[in-house]
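A.B. asks: this one's sequence-less:
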């Protein structure tokens with residue numbers, strides 16, 4: 001499997017799942033565009049290092065994914081793309097009656113609307129070339145729900161619905177659109193939460209991971225960014241040519257419950 005000659009844009013990709021997906025796509029030969037809202041020297045260095053390690057072209061383009069115009073400009077600045085991975089996302093936890101309106105608006109904008117805007121900007125070029133892959137990073141919360149995560153759950157359910165709609169609109173044009181629904185993934189952000197959870201619950205590391213953090217994940221194991229990246233590469237492969245409009249859960253059995 002090679003993606004040599006393909007250009008991939010991965011939104012929200014200077015760390016965590018996004019960076020893992022970008023690494024996997026680059027390892028398969030794709031040129032990659034990394035993205036986040038910051039525009040620091042280390043962001044551009046991250047892209048340069050990734051490109052050098054995998055022998056591909058890698059760039060970093062800053063864009064605020066809460067703004068539709070910037071989402072579309074990201075695709076334009078990249079020169080279009082063959083592969084679009086909509087990964088940008090944020091989270092906030094609160095009871096509905098206390099949920100800050102500005103947090104609701106931000107989560108819906110970044111987690112859902114950014115995928116709409118980037119997809120709308122990327123599709124014309126994909127149609128012209130007769131090939132394209134759109135991979136939306138949804139969540140187990142795109143298929144189920146948890147209390148106090150109203151905005152995130154609503155946005156991720158929306159991503160799953162958007163995935164189906166796009167797939168139907170481009171069926172037969174050499175373009176597929178699918179969603180990956182991860183459960184808990186071991187990212188730097190999640191890793192940083194473990195010590196605090198150990199204190200709160202007075203448990204050792206392994207126990208707090210198994211009994212608290214992964215209580216809803218039957219495997220009691222985190223997914224890895226490499227596994228999410230590998231799934232994305234598979235969805236870009238010829239083996240997945242007829243896989244479109246669907247979700248692939250990488251959640252240790254969470255949504256099987």
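C.D. replies: Received the coordinates, thanks. Source: prediction; values computed, not measured.

A.B. asks: tell me which other helices or strands the longest helix seen in the chain touches.
C.D. replies: Secondary structure of the chain read by DSSP state H shows that its longest helix is helix 150-170. Using 3 or more CB pairs under 8 Å, 6 or more residues apart in numbering; DSSP states H and E as the contact criterion, the neighbours of helix 150-170 among helices and strands are helix 101-107, helix 114-129, strand 132-137, strand 175-182. Glycine gets a C-beta too; all of them are placed from N, C-alpha and C.

A.B. asks: give me that answer again for 10 Å
C.D. replies: Packing partners of helix 150-170 (3 or more CB pairs under 10 Å, 6 or more residues apart in numbering; DSSP states H and E): strand 83-86, helix 101-107, helix 114-129, strand 132-137, strand 175-182, strand 247-250.

A.B. asks: gap between it and the chain center?
C.D. replies: Using CA atoms, centre = their mean, to the nearest Å, the distance from the centre of helix 150-170 to the centre of the chain it belongs to is 13 Å.

A.B. asks: now the angle from it to strand 175-182?
C.D. replies: Counting by axes from the mean of the first three to the mean of the last three CA atoms, to 10 degrees, helix 150-170 points 160 degrees away from the direction of strand 175-182.

A.B. asks: buried residues, helix 150-170. List them.
C.D. replies: By neighbour count, with 16 or more other CB atoms under 10 Å as the criterion, the buried positions of helix 150-170 are 150-160, 162-164, 166-167, 170.

A.B. asks: what does the average pLDDT come to for that helix?
C.D. replies: When the per-residue pLDDT values of helix 150-170 are averaged, the result is 98.

A.B. asks: just stretch 54-73 next, same as before
C.D. replies: When the per-residue pLDDT values of stretch 54-73 are averaged, the result is 98.

A.B. asks: next, the buried residues of that stretch.
C.D. replies: By 16+ other CB under 10 Å, the buried positions in stretch 54-73 come out as 54, 56, 58-68, 70-73.

A.B. asks: can you pull the pLDDT of the nearest residue to residue 53 once chain neighbours are set aside?
C.D. replies: Excluding the flanking residues, the one nearest residue 53 by CB to CB, 6 or more residues apart in numbering is residue 26, at 7.8 Å. Per-residue confidence for residue 26 comes out at a pLDDT of 98.

A.B. asks: residue 26: what's it in contact with?
C.D. replies: If you count contacts by CB atoms under 10 Å, 6 or more residues apart in numbering, residue 26 has them with 3, 8, 10, 32, 34, 47, 50-51, 53-58, 229.

A.B. asks: can I take it that it is in a strand?
C.D. replies: No. Assigned with DSSP: H, G, I helix; E, B strand; the rest coil, residue 26 falls outside any strand and is helix.

A.B. asks: measure it to residue 171 for me?
C.D. replies: For residue 26, the distance to residue 171 (CB to CB, to the nearest Å) stands at 29 Å.

A.B. asks: residue 178 now?
C.D. replies: Computed as CB to CB, the residue 178 to residue 171 distance reads 12 Å.

A.B. asks: quick one, which of the two is more surrounded?
C.D. replies: Using other CB atoms under 10 Å, the more surrounded residue of residue 178 and residue 171 is residue 178, with 25 against 13.
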